[in-house]
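A.B. asks: Show me the folded form of this:
(chains A and B)
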Amino acid sequence: MNKLLTNWKTFWFEPVSPYPLAYFRIAFGLVMLANLLGQYLPVYKYFFGTETLLPTKVVLASRWELLPVFDLLYLLPNDQIYFDLFLYLAIAFTIFLILGFQTRISSIVLFLLLLSINNHCPIILHAGDNYARIVLLFLTFAPSAQVLSVDSVLSKDKDAHSNLISPLSQRMIQVQFCFIYFVNWIWKLSSAIWQDGSAVYYATRLTQYYRFDYPQILDCSFGSYALTWSTLIIELALAFLLWPKKTRYYFILVGVLFHLSLDLVFNLGVFEWYFIVTFLLFVDQNIFLILKSKILTMIGQDKKAGVT
Amino acid sequence: MNDSSDTKNYMSYDEAKRFAQSKEESSRAWNCCISTFIVASFLVANSSAISHYPAFKKDLLMKMEPVAAFTGLGQNWNLFSEPRKLNFHTTYVVRYDNGVLSQKEFPRFEKASQTKKFEKYKLRQLYCNYLVNPIGRKYRPQIARYLVQSGSSSQLQPVKISFDFYMDIMADPTKYGIEKRGSEKKHRDKSTIFVYRIR
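C.D. replies: Reported below is the predicted structural model:
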């Protein structure tokens, strides 16, 4: 019992390296920026403004059934320019988050702006938007700018990079991440087409999701069954096997390849990328250092080879 | 040389653990407040995720919906758990007061370029998920109004608009094999899903 309690305390409260969270903040911010610039901006006027496809009153009555929702856009004057500025403000604060500039304030403001944008027109959201909103809330409380940030450069504490940080928010994002795999796995397992192995066959023939070509070798009955059951195995494994050190790196690799292949086959917006960047939270600082020194060594060798 | 000097700028996790201090020196009460808030948010978010499951839908979803709506922590993670077994597209036909008919397609994402697919992704959510499904029924009159307004001019006044749904049901896999990806048939079955008359 004591050991369990100690493990619990270690997991939730023992200070950790600030680097994985800082890398995650930057990568997460970049995906968010791609979402805002690439997917919101081109169609923004259809859904946000004075002459929209679906007026706010319709959304409030139909989607929210007149429940109270947090929506700062509702308070704006009836002029398109204010609505446009609102999105540009969200883009600006996303850049601040990436740079780690006034990070705590930036992340809080960005969360409120994003919550308003999401609540204002929830029928255009994809799973990535919902995931990003929850992660951003946890990130708001995370000391994510202690390193690799403008804040850390401007800070008087020049030894900040050697200070450890509280892991609570990071752990929450990690647990949330694994919980999603688990919930998704349960849903799939209770579905007849996942049980009989045909789910991937149907999913990969939905033309609206087509992205790139599907490997011919997998486009057969066996391939379809194999992919369906391996999806179930991978999702269950990602819910639990990212935690033990012995299996962690194998399953980070499996997870990244899994989401990359889904992103190549299915057009799912930036959803897969939000998940891919979350794996950074599971990587130890030592791994980043090893990778960095290997890259530097390779560059150094290339330079030498170039000279000779 | 580069290698070792760069590595010296950082500490390994174990080194940091031995030599460094935690920067977190906030008061116990503050830490407690923050922790409570984070844990509460986590519980709300995940109760909302579970509430969509059939076994809990009746009791839990009704309770979670107002909380999820206000906090924005609602989520539902049944991605591809029941993929559709059909491909479809939708068109709309506008009838003008002089009897002229005009038919247009809602964006078809299988025909779009990769760039357009990315840019118009939010429209896909509306046209492919909401417009054609029962859940989106309540939005159809508003979409029709928007299309009528954008298509009317001083010479031509629309009098009716209808949404048509064209589909093809996928062949089930058999012991003889499966239908290859990319060999989908044309959407031959048609049904009118919505008609809006302008007074």
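A.B. asks: which non-adjacent residue is nearest the residue positioned nearest the centre of chain A?
C.D. replies: Among the residues of chain A, A:Tyr274 comes closest to the average C-alpha position under C-alpha atoms, centre = their mean, at 2.6 Å. With sequence-adjacent residues excluded and distances taken as C-beta to C-beta, 6 or more residues apart in numbering or on different chains, A:Tyr274 is closest to A:Gly128, at 4.8 Å. Bear in mind the C-beta positions are built from the backbone N, C-alpha and C, glycine included.
A.B. asks: which other helices and strands contact the helix or strand where that neighbour lies?
C.D. replies: Using DSSP states H and E, A:Gly128 maps to helix A:127-140. Applying 3 or more C-beta pairs under 8 Å, 6 or more residues apart in numbering or on different chains; DSSP states H and E, we find helix A:127-140 packed against helix A:19-35, helix A:103-120, helix A:168-189, helix A:271-278, helix B:28-51.
A.B. asks: any idea how far A:Leu73 is from the residue sitting nearest the centre point of chain B?
C.D. replies: Closest residue to the average C-alpha location of chain B: B:Gln125 at 4.5 Å, with C-alpha atoms, centre = their mean. Look at B:Gln125 and A:Leu73: by C-beta to C-beta, to the nearest Å, they are 18 Å apart.
A.B. asks: could you dump the helices and strands packed on helix A:127-140 to JSON lines with distance to B:Asp97?
C.D. replies: Below are the helices and strands packed on helix A:127-140 laid out as JSON lines (distance: least, C-beta to C-beta, whole Å):
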{"stretch": "helix A:19-35", "distance to B:Asp97": "43"}
{"stretch": "helix A:103-120", "distance to B:Asp97": "36"}
{"stretch": "helix A:168-189", "distance to B:Asp97": "50"}
{"stretch": "helix A:271-278", "distance to B:Asp97": "45"}
{"stretch": "helix B:28-51", "distance to B:Asp97": "49"}
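A.B. asks: quick one, which of those helices is nearest to A:Ala239?
C.D. replies: Nearest to A:Ala239, of all the helices and strands packed on helix A:127-140, is helix A:168-189, at 4.0 Å by C-beta to C-beta.
A.B. asks: And that closest one, how far out from the chain middle?
C.D. replies: Relative to its chain's centre, helix A:168-189 lies at 12 Å (C-alpha atoms, centre = their mean, to the nearest Å).
A.B. asks: Any residue of it touching chain B?
C.D. replies: Yes - legend: contact between helix A:168-189 and chain B by C-beta under 8 Å from any C-beta of the partner chain is shown at A:168-169, A:172, A:175-176, A:179-180, A:183-184, A:186-188.
A.B. asks: Neighbour count, distance to B:Asp168 and pLDDT added to those residues, as CSV?
C.D. replies: Shown next, in CSV, are these (neighbours: other C-beta atoms under 10 Å in any protein chain shown; distance: C-beta to C-beta, whole Å; pLDDT from 0 to 100):
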residue, neighbour count, distance to B:Asp168, pLDDT
A:Leu168, 19, 51, 87
A:Ser169, 22, 48, 89
A:Met172, 24, 45, 90
A:Val175, 16, 42, 92
A:Gln176, 21, 39, 91
A:Phe179, 17, 37, 91
A:Ile180, 25, 33, 92
A:Val183, 22, 32, 90
A:Asn184, 23, 28, 91
A:Ile186, 18, 31, 91
A:Trp187, 22, 26, 90
A:Lys188, 22, 25, 92
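A.B. asks: Could I get the buried residue list for the helix holding A:Gly128?
C.D. replies: A:127-140 (16 or more other C-beta atoms under 10 Å in any protein chain shown).
A.B. asks: Restrict that helix to CA atoms and write it as CSV.
C.D. replies: Output in CSV follows, covering the C-alpha atoms of helix A:127-140 (Å, rounded to 0.1, in the frame of the first residue of the first chain):
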residue,chain,number,x,y,z
ALA,A,127,-12.1,15.9,-33.2
GLY,A,128,-8.8,17.8,-33.3
ASP,A,129,-10.5,21.1,-32.3
ASN,A,130,-12.1,19.4,-29.3
TYR,A,131,-8.8,17.8,-28.3
ALA,A,132,-6.9,21.0,-28.7
ARG,A,133,-9.3,23.0,-26.5
ILE,A,134,-9.0,20.5,-23.6
VAL,A,135,-5.2,20.3,-23.9
LEU,A,136,-4.9,24.1,-24.1
LEU,A,137,-6.8,24.4,-20.8
PHE,A,138,-4.3,22.1,-19.1
LEU,A,139,-1.4,23.9,-20.8
THR,A,140,-2.7,27.1,-19.3
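A.B. asks: Can you name the element that comes right after it?
C.D. replies: Sequence order places helix A:150-154 as the next helix or strand after helix A:127-140, per DSSP H and E.
A.B. asks: Let me see the contact set for B:Gly136.
C.D. replies: Contact analysis of B:Gly136 by C-beta atoms under 8 Å, 6 or more residues apart in numbering or on different chains lists A:123, B:126, B:129-130.
A.B. asks: 7 Å instead, please
C.D. replies: Residues near B:Gly136 by C-beta atoms under 7 Å, 6 or more residues apart in numbering or on different chains: B:Tyr130.
A.B. asks: pretty sure it is in a helix, no?
C.D. replies: Yes - checked against DSSP: H, G, I helix; E, B strand; the rest coil, B:Gly136 lies within a helix.
A.B. asks: pLDDT value on the closest residue to B:Phe118 other than its chain neighbours, please?
C.D. replies: Excluding its sequence neighbours, the residue lying closest to B:Phe118 (C-beta to C-beta, 6+ apart) is A:Gly38, at 5.8 Å. A:Gly38 is assigned a pLDDT of 94 by the prediction.
A.B. asks: swap in A:Tyr249?
C.D. replies: A:Tyr249 is assigned a predicted lDDT (pLDDT) of 93.
A.B. asks: Then B:His52?
C.D. replies: pLDDT, B:His52: 81.
A.B. asks: Also B:Ser154?
C.D. replies: What the model reports for B:Ser154 is a pLDDT of 69.
A.B. asks: Repeat that for B:Arg28.
C.D. replies: Note on B:Arg28: pLDDT of 74.
A.B. asks: now do the one 3 residues further on
C.D. replies: Predicted confidence (pLDDT) for B:Asn31: 73.
A.B. asks: and what of A:Thr56?
C.D. replies: 80.
A.B. asks: likewise the one 3 residues further on?
C.D. replies: A:Val59 carries a pLDDT score of 80 in this model.
A.B. asks: for A:Ile299, same thing?
C.D. replies: A:Ile299 is given a pLDDT of 77.
A.B. asks: One more: the one 3 residues further on?
C.D. replies: For A:Asp302, the model assigns a pLDDT of 66.
A.B. asks: ok, the helix or strand where A:Val200 lies near chain B or not?
C.D. replies: Take DSSP H and E as the rule and A:Val200 turns out to sit in helix A:199-203. Yes - using C-beta under 7 Å from any C-beta of the partner chain, we find that helix A:199-203 touches chain B at A:199, A:201-203.
A.B. asks: Nice, that's everything, thank you.
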